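Enquirer: Got a sequence here, can you build the structure:
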Amino acid sequence: MKNVTRFQLSFMMFLEFFIWGGWFVTLGTFLGNNLSATDGEIAIAFSTQSWGAIIAPFIIGLIADRYFNAERILGILHLLGAVLLYLMFHTTDFSVFYPYVLGYMILYMPTLALVNSISFNQMTDPSKEFSFIRVFGTIGWIVAGLVISYVFLWDSPEGIQSGMLKYTFLMVACASALLGVFSFTLPKTPPRVQKGEKVTLYSMLGLDALKLLKDKNFLIFFISSILICIPLAFYYQNANPFLAEIGLSNPTGKMTLGQASEVLFMLLLPFFFKKFGFKKTIMAGMLAWTIRYLLFAYGDAGELAFMLIIGIALHGICYDFFFVSGQIYTDTKAGEKYKSAAQGLITLATYGVGMLIGFWIAGKVAEMYLISENLHDWENVWIIPAVFAFVVLLLFTLFFKKEEVSYKP
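Expert: Down below sits the predicted model:
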């Protein structure tokens, strides 16, 4: 790969995840403080990610894969997204904000597949080249959080009180416009579906891979993947409002420790696979969710702040050991014929169905333990996903039979 191409793809990944991390992490805090949204309304706003994940295959399958170059549709989606982010910046009422964020996530979620397609199209050996490109996405997410907390101080108590969090939308609107324009300079990535080739709705949604569910182990893994997304939704939806509410300084910046640990544990994943095998690696990921939420439940912003920091830093184990391991397992079980369909099915089931349920439950639980306006009984809020994750761990441990899974990074 030419150095110019490598720079283009790396910058594309950086902006792609800078945009997402620049507003999604602080969304709950913004909605509760700037728009006086209820916990139920915050849950509805977060669930737009799931609706975007469900609708994304239609956009990719019906439009990007058949009629347009991937880099062009990426540019158009981000330019349209910039407009919606700018409108969100000016919004002062949740009823107006929700249609904008729903429309935006329907536009944004397909771009996650598009940036991968554009990258893979330029690689001769993705297994060796992709990780270098993808890590710039994680760096982009980290930089967004650091800018919010340590450069502009938008998530400081004073910043939150004065409504400064709205400027996250203006920041990412500019970044989205930049990526939209920059996308038209990216290497050409023509449609994957040739003229005359038939693509069914069944295959677009990854439903060709449903036959894999006949395998008992894969069925257990599939169900566990959906269930573990319920406690995952608690983190995305409630972590930043929780840290801000209890008074932890620079909460968004500190949450970037999660992405830093994601990079570290990604490097350690091959060692765990070789030493402990697939089942124990997945179990470690599930156990990490339980430990993280217990740390959140009993930590505080004072002397026990270290417990919150450890809970955030566990993100690498929580995410890599379960979700990345699961992607590898799915890849090996599906084989070459159903590889893409199987990954699509898992994405639809987790980020679509699983997290849609999870955001709804997280909103209901937060409402249940609301003490007064913008004040929650967080100990009980976090105990529920901790127990739920532990139950999923027990079910997976009991019913998933040990099997060998090879991993060659």
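Enquirer: Could I get the full set of strands for the stretch 51-200 of the chain?
Expert: Using DSSP state E, counting those that start in this stretch, no strands are found in the stretch 51-200 of the chain.
Enquirer: count of residues packed around residue 303?
Expert: The burial count assigned to residue 303 is 8, neighbours taken as other C-beta atoms under 10 Å. For the C-beta atoms, the positions are set from N, CA and C on the backbone; glycine is no exception.
Enquirer: Need the three-state assignment for it.
Expert: Assigned with DSSP: H, G, I helix; E, B strand; the rest coil, residue 303 falls in the coil class.
Enquirer: Same question for residue 306.
Expert: helix.
Enquirer: Next: residue 346.
Expert: Note that with three-state DSSP, the state of residue 346 is helix.
Enquirer: What is the neighbour count of it?
Expert: Residues near residue 346, counting by other C-beta under 10 Å: 26.
Enquirer: And for residue 267?
Expert: Residue 267: 12 neighbours (other C-beta under 10 Å).
Enquirer: now swap in residue 398 and tell me
Expert: Counted with other C-beta under 10 Å, residue 398 comes out at 8.
Enquirer: how about the helix or strand harbouring it: buried residues?
Expert: Using DSSP states H and E, residue 398 maps to helix 378-399. Counting neighbours by 16 or more other C-beta atoms under 10 Å, one finds that the buried residues in helix 378-399 are 378, 381-386, 388-390, 392-393, 396.
Enquirer: Could you do stretch 81-94 as well?
Expert: 81, 82, 83, 84, 85, 86, 87, 88, 89, 91, 94.
Enquirer: Check the residues you listed against residue 360 and report the nearest one.
Expert: residue 94 (16.7 Å; C-beta to C-beta).
Enquirer: thought the closest one was touching residue 32?
Expert: No: with contact defined as C-beta atoms under 8 Å, residue 94 does not count as touching residue 32 (10.2 Å).
Enquirer: shared neighbours, these two?
Expert: Shared contacts of residue 94 and residue 32 (C-beta atoms under 8 Å, 6 or more residues apart in numbering): none.
Enquirer: residue contacts, the spatially closest residue to residue 383 that is not a sequence neighbour?
Expert: Spatially, and ignoring its direct neighbours in sequence, residue 383 is nearest to residue 297 (5.3 Å; C-beta to C-beta, 6 or more residues apart in numbering). Applying C-beta under 8 Å, 6+ apart to residue 297 gives the contacts 378, 379, 380, 381, 382, 383, 386.
Enquirer: If you compare the directions of the helix or strand residue 283 falls within and helix 378-399, what angle comes out?
Expert: Using DSSP H and E, residue 283 falls within helix 251-298. Taking axes from the mean of the first three to the mean of the last three C-alpha atoms, to 10 degrees, one finds helix 251-298 and helix 378-399 inclined to each other by 80 degrees.
Enquirer: Now do helix 251-298, average pLDDT.
Expert: Computed over helix 251-298, the mean pLDDT rounds to 92.
Enquirer: One more: stretch 354-365?
Expert: pLDDT averaged over stretch 354-365 gives 96.
Enquirer: Give me the buried stretch members for it, please.
Expert: 354, 355, 356, 357, 358, 359, 360, 361, 362, 363, 365.
Enquirer: Quick check, the fourth one in contact with residue 230.
Expert: Spelled out, it's residue 357. Yes: taking C-beta under 8 Å as the definition, residue 357 is a contact partner of residue 230 at 6.0 Å.
Enquirer: which among the buried residues of stretch 354-365 gets closest to residue 212?
Expert: Within the buried residues of stretch 354-365, the smallest distance to residue 212 is 17.2 Å, found for residue 354 (C-beta to C-beta).
Enquirer: How about the contacts made by residue 26?
Expert: Taking C-beta under 8 Å, 6+ apart, we find residue 26 in contact with 148, 154, 155, 165, 168, 240, 252.
Enquirer: Residue 261 versus that one, what's the distance?
Expert: Per C-beta to C-beta, to the nearest Å, residue 26 is found 20 Å from residue 261.
Enquirer: Next: residue 3.
Expert: From residue 3 over to residue 261 the distance is 30 Å, taken as C-beta to C-beta.
Enquirer: same question, residue 402
Expert: 27 Å.
Enquirer: higher neighbour count, those two?
Expert: Shown here are residue 402 and residue 261; by other C-beta under 10 Å, residue 261 has more neighbours (19 against 10).
Enquirer: Identify the residue spatially nearest to that one, adjacent ones excluded.
Expert: According to C-beta to C-beta, 6+ apart, the nearest residue to residue 261 is residue 316 (3.2 Å).
Enquirer: Can you give me every residue that contacts the one you found?
Expert: By C-beta under 8 Å, 6+ apart, the contact set of residue 316 is 258, 260, 261, 262, 263, 264, 265, 266.
Enquirer: could you dump these to CSV with distance to residue 172?
Expert: Below are the contacts of residue 316 laid out as CSV (distance: C-beta to C-beta, whole Å):
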residue, distance to residue 172
258, 19
260, 21
261, 23
262, 20
263, 22
264, 26
265, 27
266, 25
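Enquirer: if we take those residues, which one ends up nearest to residue 304?
Expert: Of all the contacts of residue 316, residue 304 sits closest to residue 258, with 18.6 Å by C-beta to C-beta.
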